[in-house]
Structure formats: structure tokens, C-alpha cells
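Student: here is a sequence with its predicted model. Questions after.
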Amino acid sequence: MAGFSVQRYAPERSAWGRLTARDSVVRRLDWPLLGSAVALSLIGSILVYSATRGRDSLTHGDPYFFLFRHALNTGIGFALMVGTIWLGHRTLRGAVPVLYGLSVLLVMAVLTPLGATVNGAHAWILLPGGFSLQPSEFTKITIILGMAMLLAARVDAGDQPHPDHRTVAKALGLAAVPMIVVMGMPDLGSVMVMVVIVLGVLLASGASNRWIFGLLGAGTAGAVAIWQLGLLDDYQIARFAAFANPALDPAGVGYNTNQARIAIGSGGLFGTGLFQGTQTTGQFVPEQQTDFVFTVAGEELGFLGAGLILVLLGIILWRACRIARETTELYGTIVAAGIIAWFAFQAFENIGMTLGIMPVAGLPLPFVSYGGSSMFAIWVAIGLLQSIRVQRPITA
């Protein structure tokens, strides 16, 4: 990718594999990145609480049910980030085959009796204690790491300036296996994110543009074929139809989007006030603590509150781009680029579907939406970004 310099560098390390005191991990962390992620998670806790505190059918009479779980998910995610930084992205590079194999097995387990259907997608594994796991969230990480390992191996070793066609083909095959399984669930939203991740990874790797244009052409042809052959479920077809024509069925498939736009529009500049939104308190917007959590911000915090979320997301993407550009190895650049593509598209899709400019795809808003699997995965991604920054040389 233009503007990305690639060098080979191994920082000074102690016998335990951690950076020495001279190269303090804490001093080298990207604090704007970390602070923005924490701020988004805190805002998400407030929004999730507002969206669920009056919904007794969901909370079992405990208004703090989702608030506690969201805070717990965030705490676990933060711990996973710390563990990822401690291990380091280079250590995880050696464990990629194992991590990839486990993620594929988990995704395939969804298709067994262990799997459960939620909102039309058979994409979950139910766990004891009322918890659930969505393996496709972790597959996003292993696709990034796996493709980065393959595409950067010979470049970082100095054997070639960019990945050759055979290496790119292997990397695409690695990504295709879990994507095909996830498509069969069907979990179209996760597949869309994975496709964008693959494109971002290829762009950052320096692969030939013929692969990029070829994939775009193949993706377009595949989408047309899937539509013509009727391989989509009825609820997925209905969502696309409602996106194309919101007035088609305002009380049916178009209900979510219409209510979301009403909620956001009623907030104005300053919002109706926290816990004072009529759409939110009236429970007119379905799945408001997960896919449609942005509507709570738009209604109760207004344009300024919703804008703050966009600013924080923008800071995360900006810092991630800076990390990708400053890293000293192609492997780190590719990992960072894959995370950037993931976060950027998922945030755009989630917010876009609440505004009616994107089809409803069942994707959470990073750091803000309620959901354990997604929260764990995005904090691991933050840990990878921080590790890439920590292990780069000091230039000043």
C-alpha cells in the first residue's frame, strides 16, 4: 500500500519476551487509541442501560441486567487486550495455524446440534448460564492473522518485494473456508465484513491489482448468481427489498429502519435527554441494545452525542492507520490494515442501516453494542494494534 514502509526489525527484549525497562510497554502504548476505545465502551454501557432498563421481558425484572453484562464483557475484553499485548503479535504469528484451525472448528460446530438460531441467523453456540458465543466474530481475527502470515512471510524474509500469485491464491483459499461455512448459516453480515477484510489485506500486502479487480468482479457475479438462484433466506431478501424501498412494508420488514430513523430524527441537536427518549422508553425500536444502539444516542444525546461517537471511531481509525504506516514489517502492516477495514466497514454498515442508507445486516457497532463475542474480538484487535506499536523501533 502506498505510503507504507516495510523494514525488518527486532526490538531489544528481556529473557521473558517482554520489552526492557528502557523500552517501556506503558510508555509506548497508543493512548489516544486506548482512550477512545474505553470512552466508546463507557458510552455504550450508558446507551445499553437506557435501551433495556424498562424491558422486563428481556431483563427478567432487573433493570441493571444488561448494564452489568455489558460492563463484564468490556472487562473481559480489556483483559484479552492486555493478554494480547503481553504475548505480542509476533508470538501469535507462530500460533496462527492452531488459532485458525480452532476458529474453523468453532464455526463448523454452529452447524451441529450445538448451534442456535438468533434473529434468523443460525450463527450461535449456547453456553451454560444463559451465555452464547458467535464464532464468526473470532474468525475475522484469524482470517487477518492467517492471511498476513502467508502474504508477509517471504517479503519480511527479504526473498521478494511483494507476494507472488501463488501466495495470494493460498491466502484467499485460507479466507474462503470459514467464509463459505458462515455463508451457509446464513450470516450475510459477517460475510460482508470478511470480504472487506480480505480486500483491505490484499491492498496492504502489495498484491497485484489484478487480484483486487478480479475479486470485485467475482464478488459481483457471485452476488447476482446467489440472488438469481434463490440462495438467500426470505428474511434476507425482505431486508434488501425494504432497503431499496422503505415504504414497501412500513409495519413489517421496513419497521426497524423506519422506527430507527424516527428515533434519530427526533433527537435534534441536543437530544431529548438521557433516559427521556420516547422511542426508546416506548420500546418502538427492536434490538436497540445491539444492532440499533446508535438510535439511543441519536434520540437522547442528539446530533452532538451521536457525533461524539463518530469522532471517537474516527480517532481509532486514524491511530490504527498511523500504526499501520509506522510499523517496520509487512506482517504488522497487513494485520493493522485488516483491522482498519473491519472496524471502518462494520461501523459504517451499522450506523448506515439506522439511517436507512445501508441494508439491515445484523452487525453490532464496535465497542458500543451489547454482545460478548463482538466485544471480545474487537478488544483483541486493539491488543494487536497496540502490540504492533509497542514493538516498533523508537525513531525520535
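Tutor: Ah, there it is. Residues are numbered from 1 along each chain as shown.

Student: contact partners for residue 145?
Tutor: Counting by Cβ atoms under 8 Å, 6 or more residues apart in numbering, residue 145 touches 92, 93, 96, 99, 100, 335. Just so you know, the C-beta spots here come from the backbone N, C-alpha and C atoms, and that holds for glycine as well.

Student: what subset of those is buried?
Tutor: 92, 93, 96, 100, 335 (16 or more other Cβ atoms under 10 Å).

Student: what's the spacing between the fourth one and residue 154?
Tutor: Translated: residue 100. As judged by Cβ to Cβ, to the nearest Å, residue 100 and residue 154 stand 19 Å apart.

Student: from the contacts of residue 145, which is closest to residue 30?
Tutor: Closest approach between these and residue 30, by Cβ to Cβ: residue 335, at 14.5 Å.

Student: what's the closest non-adjacent residue to that closest one?
Tutor: Of all residues not flanking residue 335 in the chain, residue 148 sits nearest, at 4.8 Å (Cβ to Cβ, 6 or more residues apart in numbering).

Student: low pLDDT regions in the protein?
Tutor: 1-23, 119-121, 129-130, 223, 226-254, 393-396 (pLDDT under 70).

Student: re the thing from before, among the contacts of residue 145, which one lies nearest to residue 175?
Tutor: For the contacts of residue 145, the minimum distance to residue 175 (Cβ to Cβ) is 10.1 Å, reached by residue 100.

Student: helix/strand/coil for that closest one?
Tutor: Following DSSP: H, G, I helix; E, B strand; the rest coil, residue 100 is assigned to helix.

Student: these two touch, right, it and residue 175?
Tutor: No - contact status for residue 100 versus residue 175: not in contact, 10.1 Å apart, counting by Cβ atoms under 8 Å.

Student: anything in contact with each of these two?
Tutor: With Cβ under 8 Å, 6+ apart as the test, residue 100 and residue 175 both reach residue 146.

Student: who's in contact with the nearest residue to residue 59 once chain neighbours are set aside?
Tutor: Excluding the flanking residues, the one nearest residue 59 by Cβ to Cβ, 6+ apart is residue 65, at 4.0 Å. Residue 65 is in contact with 52, 58, 59, counting by Cβ under 8 Å, 6+ apart.

Student: how close does the second one get to residue 128?
Tutor: So that's residue 58. Noted for residue 58: a distance of 20 Å to residue 128, by Cβ to Cβ.

Student: can you tell me the element residue 116 falls in?
Tutor: Assigned by DSSP states H and E, residue 116 belongs to strand 115-118.

Student: next SSE after that strand?
Tutor: Following strand 115-118 toward the C-terminus (DSSP H and E): strand 121-126.

Student: tell me the helix or strand right after that following strand.
Tutor: Immediately after strand 121-126, counting by DSSP H and E, sits strand 132-133.

Student: ok, and the closest non-adjacent residue to residue 336?
Tutor: Nearest in space to residue 336, with sequence neighbours left out and distances taken as Cβ to Cβ, 6+ apart, is residue 324 at 3.5 Å.
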